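Enquirer: Take a look and give me a structure for this.
(chains A, B, C and D)
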2 protein chains.
Amino acid sequence: MNNRQERKLLTRQSLMNAALQWVEEGQHISSLSIREVAKRAGVVPTAFYRHFSDVDDLTLNLVDELSKVLRQLMREVRQNRNDLQALIRDSIVRYCDYVANQRVFFVFLAQSMTGGTPLIRQAIRSELQYFANELATDLRQLGLLPNLDQGMLENLAQLTISTVANSTMDLLDLPEGNAGARQQFEKRLRRHLQLIFLGAAHWQATVTG
Amino acid sequence: MNNRQERKLLTRQSLMNAALQWVEEGQHISSLSIREVAKRAGVVPTAFYRHFSDVDDLTLNLVDELSKVLRQLMREVRQNRNDLQALIRDSIVRYCDYVANQRVFFVFLAQSMTGGTPLIRQAIRSELQYFANELATDLRQLGLLPNLDQGMLENLAQLTISTVANSTMDLLDLPEGNAGARQQFEKRLRRHLQLIFLGAAHWQATVTG
DNA sequence: TTATTCTGCGTACAATTGCGCACCGATTAG
DNA sequence: CTAATCGGTGCGCAATTGTACGCAGAATAA
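Expert: Numbers count the residues shown, from 1 in each chain, chains lettered A, B, ... in the order given. Next comes the predicted model:
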């Protein structure tokens, strides 16, 4: 047979996919049993333990795995532009498209952001912080917002990322195939980001609290 | 014996408290079984069905129940002020205090916001929208931000509410008893809200996208 | 080659699960 | 006072759960 590591990685992927499938059916990952996920992966229950110690462990690895993919997405969404308005608009459109095409993915992450163990939540928080840092770097390089010091730039980036991240569940819950609702959502999110960046553009030492 | 309805309401409360206790122990509400919650409530399993059809039903009622309490809190946090900066600062402090004193409460709501059934998520969304509307009304009455039309005022309120709501999980995950981290959190949230309201103050027809 | 190390399989068992049923005793309605 | 109502009890049963144990056969190491 093939390389043993490959085989192992394959069933590992099967288990992870089975877990995502569970989430896709509207279930919460925490209500997934070892037997159930093993059955869906086409594996005997005890085989599960060759890969993960329990469901929480699987979940944590799933977060790590999906984080890699997310970073790839973020690299694609990043784009050099000088027009902040167009940047906001295009980024939103791209992001929404991606979310729509990778529903399970984001449902799972949204669930885990508030539902997992503290360890899992921490992992997702780190990931969001990573994105915020990348955004802050981009914004600095673009040279817009020269009035912001490093600290405020980071605050701005954090707020931006968390605003987008936390709007994701709303996006996921939109009735599918309803283009109107989708456009309305995008417009609202755009307004929110515009508000934030407008505030950033006017930030001065005036606010000292 | 006492009034029958009172007795019934009492065990109903017991069941709800038992469910919250489950969450308090770090478990997710979706992994709660009827037998478990009944045991904790000091009731036989089948008695559960006299009150709820299943755990989802209990969860939904729990959301409704807690929403009432939340509205009460919000009324307390509301306060007439003319100084926007002080309003932001004080509201944050009050909110954080409340969250710290009612942990389970908010952990449960945060969980359900992303983890529950679509119905439950919808219920929480409605609640947040209610708060946003109240905030919008308040802002209008305060007469600050006369430059915003009704639509943008609602956008501002939505963004504010969701920013606070979504920062709650971060607050809950702060190491307890660490006043420094707590202050740092409050400062960050304050900066975020300041950014938003600064943007609102400068909002004009300039942005038309 | 031989020996070892894996990975998945099958069985097994006690604990827990949802839920149906009959029952009982107190409250309430007539 | 009588009878219906209704919330809680107790039992039972089939299904599902976590996890321990030994086994087999392939990949790897010697």
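Enquirer: So which residues on chain A come close to DNA strand C?
Expert: A:4-5, A:7-8, A:10-12, A:42-47, A:50-51 (Cβ under 7 Å from any atom of the strand). C-beta coordinates here come from the backbone N, C-alpha and C atoms, glycine included.
Enquirer: biggest separation within these, which pair?
Expert: Largest separation among the residues of chain A next to DNA strand C by Cβ to Cβ: A:Gln5 and A:Pro45, giving 22.6 Å.
Enquirer: so which residue of chain A comes closest to chain B?
Expert: Proximity to chain B, evaluated over chain A using Cβ to the nearest Cβ, is greatest for A:Gly199 at 3.1 Å.
Enquirer: Just the buried residues of the helix or strand where A:Val23 lies, please?
Expert: Per DSSP states H and E, A:Val23 falls inside helix A:4-24. Buried residues in helix A:4-24, defined by neighbour count with 16 or more other Cβ atoms under 10 Å in any protein chain shown: A:11-12, A:14-20, A:22-23.
Enquirer: any weak-confidence spans in chain A?
Expert: By pLDDT under 70, the low-scoring segments of chain A are A:1, A:205-209.
Enquirer: hmm, 80 instead?
Expert: Along chain A, segments meeting pLDDT under 80 span A:1-2, A:77-82, A:205-209.
Enquirer: Tell me where it has helices.
Expert: Along chain A, the segments classed as helices by DSSP state H run A:4-24, A:34-40, A:55-77, A:84-101, A:103-115, A:118-142, A:150-173, A:179-201.
Enquirer: Tell me which of these is the most buried.
Expert: Greatest average neighbour count among the helices of chain A goes to helix A:103-115 (a mean of 22), per mean count of other Cβ atoms under 10 Å in any protein chain shown.
Enquirer: what angle separates that one from helix A:55-77?
Expert: For helix A:103-115 against helix A:55-77, the angle by axes from the mean of the first three to the mean of the last three Cα atoms, to 10 degrees is 120 degrees.
Enquirer: anything in helix A:103-115 near chain B?
Expert: Yes. For helix A:103-115 and chain B, the contact criterion (Cβ under 8 Å from any Cβ of the partner chain) is met by A:110-111, A:113-115.
Enquirer: Restrict that helix to CA atoms and write it as PDB.
Expert: Taking only C-alpha atoms (Å, rounded to 0.1, in the frame of the first residue of the first chain), the coordinates of helix A:103-115 have been written out as PDB:
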ATOM      1  CA  ARG A 103     -20.400  28.400   4.300                       C
ATOM      2  CA  VAL A 104     -19.600  25.400   6.600                       C
ATOM      3  CA  PHE A 105     -16.200  26.800   7.100                       C
ATOM      4  CA  PHE A 106     -17.400  30.100   8.500                       C
ATOM      5  CA  VAL A 107     -20.300  28.600  10.400                       C
ATOM      6  CA  PHE A 108     -17.800  26.400  12.200                       C
ATOM      7  CA  LEU A 109     -15.500  29.300  13.000                       C
ATOM      8  CA  ALA A 110     -18.300  31.500  14.100                       C
ATOM      9  CA  GLN A 111     -19.600  28.700  16.400                       C
ATOM     10  CA  SER A 112     -16.200  28.100  17.800                       C
ATOM     11  CA  MET A 113     -15.500  31.700  18.400                       C
ATOM     12  CA  THR A 114     -18.000  31.800  21.200                       C
ATOM     13  CA  GLY A 115     -18.800  28.200  21.800                       C
END
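Enquirer: for it, packing partners?
Expert: If contacts are counted by 3 or more Cβ pairs under 8 Å, 6 or more residues apart in numbering or on different chains; DSSP states H and E, helix A:103-115 sits against helix A:4-24, helix A:55-77, helix A:118-142, helix A:150-173, helix B:103-115.
Enquirer: what's the angle between that helix and helix A:84-101?
Expert: 100 degrees.
Enquirer: Please tell me how far helix A:103-115 is from the chain's geometric centre.
Expert: 8 Å (Cα atoms, centre = their mean, to the nearest Å).
Enquirer: Pull the residues that contact it.
Expert: By Cβ atoms under 8 Å, 6 or more residues apart in numbering or on different chains, the residues outside helix A:103-115 that reach it are A:20-21, A:23-24, A:28-30, A:59, A:62-63, A:66, A:69-70, A:99, A:120-121, A:124, A:165, A:168-169, A:172, B:28, B:110-111, B:113-115, B:169.
Enquirer: before we move on, the earlier item: quick one: which of the helices and strands packed on helix A:103-115 is nearest DNA strand D?
Expert: Nearest to DNA strand D, of all the helices and strands packed on helix A:103-115, is helix A:4-24, at 3.5 Å by Cβ to the nearest atom of the strand.
Enquirer: wait, does the closest one contact chain B?
Expert: No. Interface with chain B: helix A:4-24 contributes nothing (Cβ under 8 Å from any Cβ), its closest point being 10.3 Å away.
Enquirer: Which other helices and strands does that helix contact?
Expert: Using 3+ Cβ pairs under 8 Å, 6+ apart, helix A:4-24 is in contact with helix A:34-40, helix A:55-77, helix A:103-115.
Enquirer: Can the second one be said to contact DNA strand D?
Expert: Spelled out, it's helix A:55-77. Yes. Using Cβ under 7 Å from any atom of the strand, helix A:55-77 comes into contact with DNA strand D via A:Val55.
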